[in-house]
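fold the following for me, if possible:
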Amino acid sequence: MKRFHAPSDTLPAFRSLFQQGVGVDIQTGASLEDLLCCQWQLDHDYVMNRISTLFLDSKPVDDIAATIVPDGATLALSGAMPGLIGATMRRGGILASFRSGITHCDNTADLACGSGRITLKLFNLLIDDLGPGFLARGIWVARAKLKGIFPNHPEIENLVDREVHVCMDIVPSMANAPMSSSANP
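Got it, this is the predicted structure:
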């Protein structure tokens, strides 16, 4: 495993990577609510009020307490999206019944607990709110994508691993409000 420390002034370059998806290590078998509030230590009010649209493996999620996150899943998080589509995909929205055929269903029966990795996608305001915290903890990025951000960087040029664990030292001004007061920066 190769670890790369990205300079904090390159934070904006990671915006598109968060939209494409980055790898994040998790403890599997926990509910989505547990992942967000306990493992990632996001403030519960932030989760309930600002993360209005959640997709797990391309299916919208309404009940974060009953949804279990498996190893290898893709989790997409977004703030409120505009228009009819945004209103329909919003968690617990009045138009959620229009998508009942594609909504994520309870999957508690077949999932074991353990260490795993998911692909995390962040959109709109959540990139700036949550991205710095994930970079501070470390994310997994495909070497080819990292080379796109840091062309000709000698440390990346010599890598042979397909994925690189990327960390960033985040200055206090980049640490945003969504983290619980008990969270470590």
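
hang on, Asn152 in a strand?
No: using DSSP: H, G, I helix; E, B strand; the rest coil, the secondary structure at Asn152 is coil, not a strand.

and Ala144, that's in a strand?
No: using three-state DSSP, the assignment for Ala144 is helix, not a strand.

confidence score at it?
Ala144 is assigned a pLDDT of 90 by the prediction.

okay, now it: neighbour count?
When neighbours are defined as other CB atoms under 10 Å, Ala144 has 10 of them. Every C-beta, even on glycine, is put in place using the N, C-alpha and C of the backbone.

how much space between it and His153?
Per CB to CB, to the nearest Å, Ala144 is found 13 Å from His153.

now whichever strand in the chain runs longest: buried residues?
With residue count as the measure and DSSP state E as the assignment, the chain has strand 114-122 as its longest strand. Residues of strand 114-122 classed as buried by neighbour count (16 or more other CB atoms under 10 Å): 116, 118-122.

those residues: which two are farthest apart?
Farthest apart among the buried residues of strand 114-122 by CB to CB are Gly116 and Leu122. That separation is 19.0 Å.

quick check: angle from the helix ranked longest in the chain to strand 114-122?
Looking across the chain with DSSP state H, the single longest helix is helix 125-137. When axes from the mean of the first three to the mean of the last three CA atoms, to 10 degrees is applied, the directions of helix 125-137 and strand 114-122 differ by 140 degrees.
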